[in-house]
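[1] Here's my sequence, what's the structure:
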Amino acid sequence: MSDIESLSDLFDMVGCDVNYYDLGRNITKITPQQAIQFDRKQQAYPFPFRQNAWLACLLKSKDASKEDIAKQGVVWFLKLPLDEAGCLNLGTRDHFIKSIVDKILHKGEEAGLSEALEDSPYVFKPDQERMASLHAILGKDLHQEPSEYFHAVVDYLSADVIEEDDRWQTLGLQGIAELAARANEAQYETLIDKAIKQAAKPVVSALCHALEHEGISETLQNTLINQLQTEQDPLIQASYLRALSRSDLNDDLLLPLFGLLGSLTQCHDDDTHAIAALAAKCPHWLGQNPQLLRIIMEKLAHREDGYIAFKQITAELSQHPETKQPLWTLLRSSHVSPKLAQAVSYLFTETPTSLH
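    Residues are numbered from 1 along each chain as shown. Below is the predicted model of the structure:
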């Protein structure tokens, strides 16, 4: 046990290789170099989300083929706390290792790997959408054939599609996720573009939520931006933002965002959908553009909800490395509205720990 000083040591002990995927803000494959660095606390965890590392660990025998991994691979979903520097909390990580090593040693490797996480406080269960996207991404990485649900989605979008057509109700979420995972393949990019413009809103929403894990082409970016400027449904607007979240913030995108957010002094309930999407999925945009950040915080400060939304978004953004400093600069500024100054004062007097 004294030789087990990291997650990689643990997996080596049971003869497993591991591929890490981050499941926090987006699903992102973690490179071997990144894994070594955060596992041994040489660097901060690269994708912090709400002060935790949200990991999917694909465990596989060291000599397993891709076919074997697809059939026999085990996935662990781990939520491990981060310290103030954004690194893995070593005390918590070591406690996690100690809590499972006994099960693995006593039950045998095969049973132990699948059962070691029973009753563990470090386990989380991804929601249905995220699980479908992870399966789609893993399947693509392992060169698996897409599912029957994927073919049903392709058949639906290859025919004439109108929003009122109720055939979409037979489509599976897994098939939509598998289509999004192929967004950079020309034939499927065309179908995705068509879906965004013509499909029923539930299909568009599910597709956009799956696209947030992909780097999409300029063509799809332009389609989403154009749709964003004409869409009236706040939930679909937020879905478009999620699909665009891995795109660069440029003038083509920035101007529609300012138009979408509108007045500094009004923030209706419908406005919070776009604001939540920007804070949760696009904090890098807010870090790059202080004016965009200020509009959001001003709008939230003007809400008549006891600063509930203001506190929630402030807590979210203060934990992200790209928005933490710009947020503090804004909150300390003397060039803000009286309403925002009052909201900031409330944070410090009523809930001082929310900014830590």
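
[2] what's the domain layout of the protein?
    Residue ranges for the domains of the chain, per automatic domain parsing: 7-126, 129-247, 270-356.

[3] Can you give the distance of the longest one from its chain's centre?
    So the one you mean is domain 7-126. 18 Å (CA atoms, centre = their mean, to the nearest Å).

[4] And that domain, end to end?
    Chord length of domain 7-126, first to last residue, is 21 Å (CA to CA, to the nearest Å).

[5] what's the answer for stretch 277-289, then?
    16 Å.

[6] All the strands of the chain, in order from the start?
    Along the chain, the segments classed as strands by DSSP state E run 16-22, 28-29, 52-61, 74-81.

[7] Any regions of the stretch 251-356 of the chain where pLDDT drops low?
    350-356 (pLDDT under 70).

[8] So S6 sits against R40, correct?
    Yes. Proximity of S6 to R40 meets the contact threshold set by CB atoms under 8 Å, at 5.6 Å. For the C-beta atoms, the positions are set from N, CA and C on the backbone; glycine is no exception.

[9] Pick out whichever of these two has more residues nearby.
    S6 (19 against 16; other CB atoms under 10 Å).

[10] Around the closest residue to the more buried one other than its chain neighbours, how many other residues sit close by?
    In space, S6 comes closest to D39 once its chain neighbours are excluded; the distance is 4.7 Å by CB to CB, 6 or more residues apart in numbering. By other CB under 10 Å, 21 other residues sit near D39.

[11] And the pLDDT for D39?
    pLDDT recorded at D39 is 90.

[12] again, but for the one 10 residues further on
    The predicted local confidence for F49 comes out at a pLDDT of 90.

[13] Repeat that for A199.
    93.

[14] now do D102
    Taking D102 on its own, its pLDDT is 75.

[15] The helix of greatest length in the chain vs strand 74-81, what angle?
    In the chain, with assignment by DSSP state H, the single longest helix is helix 90-107. Helix 90-107 and strand 74-81 are oriented at 150 degrees to each other (axes from the mean of the first three to the mean of the last three CA atoms, to 10 degrees).

[16] mind giving me JSON lines with the strands of the chain and columns for mean neighbour count?
    Conversion of the strands of the chain to JSON lines gives the following (neighbours: other CB atoms under 10 Å):
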{"stretch": "strand 16-22", "mean neighbour count": "20"}
{"stretch": "strand 28-29", "mean neighbour count": "16"}
{"stretch": "strand 52-61", "mean neighbour count": "21"}
{"stretch": "strand 74-81", "mean neighbour count": "18"}
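
[17] between these, which gets nearest to R242?
    Closest to R242 of those, according to CB to CB: strand 28-29, at 14.7 Å.

[18] Give the pairing partners of the closest one; include direction for each.
    Sheet partners assigned to strand 28-29 using DSSP bridges are listed as strand 16-22 (antiparallel).

[19] Now the strand it pairs with - C-alpha only, CSV.
    The C-alpha trace of strand 16-22 is given here as CSV (Å, rounded to 0.1, in the frame of the first residue of the first chain):
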residue,chain,number,x,y,z
CYS,A,16,-4.9,-1.8,-15.9
ASP,A,17,-4.3,1.0,-18.3
VAL,A,18,-6.6,4.0,-17.9
ASN,A,19,-7.9,6.7,-20.2
TYR,A,20,-9.3,9.8,-18.5
TYR,A,21,-12.1,11.9,-19.7
ASP,A,22,-13.2,15.1,-17.9
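
[20] Fine, thanks again, bye for now.
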